[in-house]
Every structure is written in structure tokens, then in C-alpha cells.
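Trainee: Got a sequence here, can you model it:
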Amino acid sequence: MSPAINTDEGVVLLESESHVGTATSSRNSEVIHAGIYYPANSSKNRMCHRGRGLLYDYLAERGIAHDKVGKLIVAPDERDAERLRELFEGASARGAPDLEMLTPAQARAMEPALRCDGGAIHSPHTGIFDSHAYMSALHADVENSGGVVVTNTHVLGGQVRPDGEGFTLRAVDVESGDQTMVSARYLVNAAGLHAMEIHDAIAAPLKYAPELQPGRVRYAKGSYFALKGGRSACPFRRLIYPLPESGGLGVHLTLDLGGQPRFGPDVEFLPGEPNSFDDLYDVSASRAPDFERAIRAYWPEMPSGMLEPSYAGIRAKLPSGDFGVFGPDEHGVDGLVHILGIESPGLTSSLALAEDVVAKLTTVR
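Mentor: Next up, the predicted model:
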């Protein structure tokens with residue numbers, strides 16, 4: 001057993017991987033979302049709108065690469081036009097900024113290779129950014145503020161301290177196997193894919209009201225494919241999204257800051273709760289035909305055989321379909337916040353979520 005760590009006078013971030021942000025945060029589309037899809041009273045809607053402005057400001061202040069490239073949501077067929085109109089009207093009412101409804105001709109004037117017989121929605125405030133540089137900046141912020149980031153450290157469990165003022169955690173160094181006791185006045189469980197595991201491993205007298213029960217998370221894998229030939233083979237200069245589907249936003253086209261295209265993610269629900277996610281990130285080439293069919297709905301002239309497996313991500317989804325930030329008002333334990341089900345638009349919302357966590361930690365019941 002290694003010496004104990006007392007965090008009552010500072011901040012310690014326990015990271016199970018060798019670097020911060022190597023799981024869900026780095027396996028996504030790197031899109032800054034405008035807040036188009038989320039129910040009006042949802043945490044996702046509120047956090048996305050607040051977080052988008054905070055994120056753009058932070059990226060500009062820190063000199064982190066980003067680009068407000070814009071996005072088109074398309075209705076490939078005329079029969080999809082009514083769904084597109086409903087999405088436009090609902091998103092505008094929920095606060096998505098400066099959306100524009102385009103006729104097929106207007107959309108094709110912007111992106112000539114696009115099939116959009118039912119029209120398109122233009123979202124000018126959707127952007128892309130360097131998520132890795134962003135996470136590195138946040139890491140630096142913690143350390144520059146006197147905090148400590150401890151990597152390769154997995155939390156095994158914990159409990160409320162006997163005096164009721166704080167928590168004791170048991171953690172293990174994943175390389176050496178040495179265990180450490182960590183004492184903390186406040187505890188924030190932001191463990192991503194492992195957040196529900198940590199939630200269950202902390203012995204605390206949680207008393208959720210029935211309507212506030214988080215439920216069990218489901219895990220959804222999303223695969224991405226790259227386009228052979230890269231930027232030179234891609235006719236699009238904006239992000240292209242189909243209409244949303246059950247469980248996700250459909251197989252869409254995003255661009256990185258170098259203009260390189262990628263398609264995805266799809267939605268593949270995983271059975272149960274995997275013991276390890278590390279062996280689930282491979283992308284099967286057998287999924288390419290389904291991707292091609294989805295892409296040709298809005299890019300009918302895409303040549304055959306142009307897709308190659310790229311990478312995959314896994315996201316945790318709560319039964320509510322919303323973010324879950326559970327603090328003392330939800331479960332009755334002071335100083336404890338569980339953050340569950342943070343999927344898209346999690347990166348866009350990250351700074352707003354941080355504000356919410358601080359507010360819950362400082363709430364006096």
C-alpha cells in the first residue's frame with residue numbers, strides 16, 4: 001500500500017489511462033454543435049447552447065485551432081421535406097442560432113455534389129476544432145491552478161468518511177499494482193465509460209427520488225470510415241448530415257481541420273456492460289456496404305470501394321437519452337457528483353457541464 005493522498009486542500013484528478021482524454025473524448029467527430037436536436041427542457045439542450053459559446057471563447061483565448069465551417073442537414077428525397085421542416089422549426093424554437101431553410105437549388109449552390117431533393121438546413125455556427133489540443137489545455141489549467149493529475153490510476157471503490165465530511169477512495173496503479181487510499185472532501189465521478197462502475201463502487205447512502213433514478217447505461221459503438229484519396233476525393237467543404245435516426249444522428253460527413261473527410265458514426269449497441277472496452281475499437285470492413293448505402297443517399301456519385309476503416313468510439317447512453325449530472329439535490333449526499341451518460345454533444349457542452357458540477361458541489365441543502 002502506497003502512502004495516502006489527502007485532497008482536502010487541493011484538486012487531484014485520478015486518470016485511469018496513461019494520458020487524459022484517450023477514450024470517449026478523443027474518439028468522436030470533433031464537432032462543435034449548434035444545439036439542433038435536443039428537447040427544449042433537456043440538459044443536453046441547455047448545456048449545448050451554453051457550452052458552445054464558452055467553448056468558442058476558450059478556443060479563441062487559448063489559440064486552439066478551430067473553424068466555424070458550417071453544416072448542412074439534408075433531406076435527400078422530397079418525402080423527407082416535412083421532417084426537415086419540423087426539425088428546422090423545432091430547433092429554431094429551442095434556440096439554435098441563425099438556422100436557414102434552403103431550397104434544393106440553394107443547397108446545391110453551396111455543395112454541388114449534394115442530393116437534397118427535399119431541401120436542407122444550413123447551420124452557420126456548427127464548427128470543428130482540435131479536441132486533443134483542447135484537452136491538453138484543460139490539463140495545463142488544472143496543473144497551473146495547483147492541481148495534480150495522476151495517470152494510470154484506477155479507482156476500485158470508496159465510501160463516505162466516518163465523520164460524514166468527505167470520502168475515502170481506494171485506487172490502484174495499473175502498472176505497478178500498488179494501492180493507494182485517497183481522502184477527499186468533494187468527489188466528482190467523471191469516469192466516462194466507467195462512470196456507472198464507479199457510481200456503484202462508492203458506498204454512499206444514495207436516495208434518489210423515483211423520477212430521478214439514473215437507470216442503467218447502455219453502451220453504443222460507433223464506427224468511422226475514411227475516404228480513400230482524402231481531401232482531394234471529397235467534393236464537400238462543409239459538414240453534411242442526414243436527418244437524425246434512432247440512437248444517433250445518422251452516418252454523416254465531417255472534416256478535420258486539414259480538410260480530411262470521415263464518415264460516421266453508425267450505432268451498434270453492445271450487449272451488457274463490457275469488462276474491457278480496449279478490444280472493441282476495431283472497425284470491421286464488413287460494415288462498409290452499409291456505410292456506402294447511407295452515404296449515397298446524399299452523395300449519389302460516390303465511387304464504389306472508396307471507404308476504408310478508420311477508428312471507432314463508444315458512448316454511454318442513459319435510458320432518458322439525456323445527460324445525467326447527479327448531485328446532492330438528486331441523491332442526498334453532500335459533496336458528491338456523479339456524471340453519467342455524457343455522449344454527443346458532450347465536448348461542446350463540457351465547460352457548461354463544469355459550471356453545473358461546481359454549482360452542485362457548492363449547494364447547501
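Trainee: got a list of what the residue nearest to residue 155 when sequence neighbours are not counted touches?
Mentor: Leaving out its chain neighbours, the residue that sits closest to residue 155 by C-beta to C-beta, 6 or more residues apart in numbering is residue 171, at 5.0 Å. Where you see a C-beta, it was placed from the backbone N, CA and C, and this is true even at glycine. Going by C-beta atoms under 8 Å, 6 or more residues apart in numbering, residue 171 touches 14, 153, 154, 155, 156, 179, 180, 181, 182.
Trainee: where along the stretch 1-150 of the chain do the strands fall?
Mentor: In the stretch 1-150 of the chain, the strands defined using DSSP state E, counting those that start in this stretch lie at 5-6, 12-14, 31-32, 66-67, 71-74, 100-102, 120-123, 127-129, 148-150.
Trainee: try the stretch 251-365 of the chain
Mentor: 252-255, 261-264, 268-269, 307-317, 324-326, 336-340.
Trainee: Now render those as TSV, adding distance to residue 81.
Mentor: Listed next are these as TSV, based on distance: least, C-beta to C-beta, whole Å:
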stretch	distance to residue 81
strand 252-255	19
strand 261-264	24
strand 268-269	30
strand 307-317	28
strand 324-326	35
strand 336-340	37
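Trainee: Among those, show the one with the smallest mean pLDDT.
Mentor: Sorting the strands of the stretch 251-365 of the chain by mean pLDDT places strand 268-269 lowest, at a mean of 91.
Trainee: which residues sit against that one?
Mentor: Taking C-beta under 8 Å, 6+ apart as the rule, strand 268-269 contacts 218, 219, 220, 221, 222, 223, 247.
Trainee: which residues touch the closest residue to residue 273 other than its chain neighbours?
Mentor: Computed as C-beta to C-beta, 6+ apart, the closest residue to residue 273 that is not its neighbour in sequence is residue 219, at 7.0 Å. If a contact means C-beta under 8 Å, 6+ apart, then residue 219 has 193, 269, 270, 273, 274, 277, 314, 315, 316, 317 as its contacts.
Trainee: and if you look at residue 347?
Mentor: Counting by C-beta under 8 Å, 6+ apart, the residues that residue 347 touches are 25, 28, 30, 31, 32, 55, 131, 134.
Trainee: how about a cut-off of 7 Å?
Mentor: 25, 28, 131 (C-beta atoms under 7 Å, 6 or more residues apart in numbering).
Trainee: do the same with residue 250
Mentor: Going by C-beta under 7 Å, 6+ apart, residue 250 touches 241, 242, 243, 244, 294.
Trainee: Show me the longest helix that occurs in this protein.
Mentor: helix 43-62 (DSSP state H).
Trainee: For that one, name the packing helices and strands.
Mentor: Applying 3 or more C-beta pairs under 7 Å, 6 or more residues apart in numbering; DSSP states H and E, we find helix 43-62 packed against strand 31-32, helix 346-361.
Trainee: If we use 8 Å, what do you get?
Mentor: strand 31-32, strand 66-67, strand 127-129, helix 131-144, helix 346-361 (3 or more C-beta pairs under 8 Å, 6 or more residues apart in numbering; DSSP states H and E).
Trainee: Buried members of the contacts of residue 219 into PyMOL, please.
Mentor: Of those, the buried ones can be selected in PyMOL as follows, counting by 16 or more other C-beta atoms under 10 Å:
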select buried, resi 193+277+314+315+316+317
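Trainee: List just the nearest of the contacts of residue 219 to residue 361.
Mentor: residue 316 (22.0 Å; C-beta to C-beta).
Trainee: Please identify the most buried of the strands of the stretch 1-150 of the chain.
Mentor: Of all those, strand 71-74 carries the top mean neighbour count, a mean of 28, counting by mean count of other C-beta atoms under 10 Å.
Trainee: That one pairs with which strands, and in what direction?
Mentor: strand 120-123 (antiparallel), strand 239-241 (parallel) (DSSP bridges).
Trainee: For residue 299, find the nearest of those strands.
Mentor: For residue 299, the closest of the strands paired with strand 71-74 is strand 239-241, at 7.5 Å, according to C-beta to C-beta.
Trainee: re the thing from before, out of the contacts of strand 268-269, which are inside strands?
Mentor: Judged by DSSP state E, the subset of those located in strands is 218, 219, 220, 221, 222, 223.
Trainee: And for the residue nearest to the fifth one when sequence neighbours are not counted, the neighbour number?
Mentor: Spelled out, that is residue 222. What sits nearest to residue 222 in space, not counting adjacent residues and going by C-beta to C-beta, 6+ apart, is residue 265, at 2.5 Å. When neighbours are counted by other C-beta atoms under 10 Å, residue 265 registers 28.
Trainee: Tell me the confidence at residue 265?
Mentor: 93.
Trainee: got the contact list for it?
Mentor: 28, 29, 221, 222, 223, 224, 248, 251, 312, 313.
Trainee: What pLDDT is listed against the residue sitting furthest away from the middle of the chain?
Mentor: For the chain, the residue at maximal distance from the C-alpha centroid (C-alpha atoms, centre = their mean) is residue 163, at 36.5 Å. The model reports residue 163 with a pLDDT of 84.
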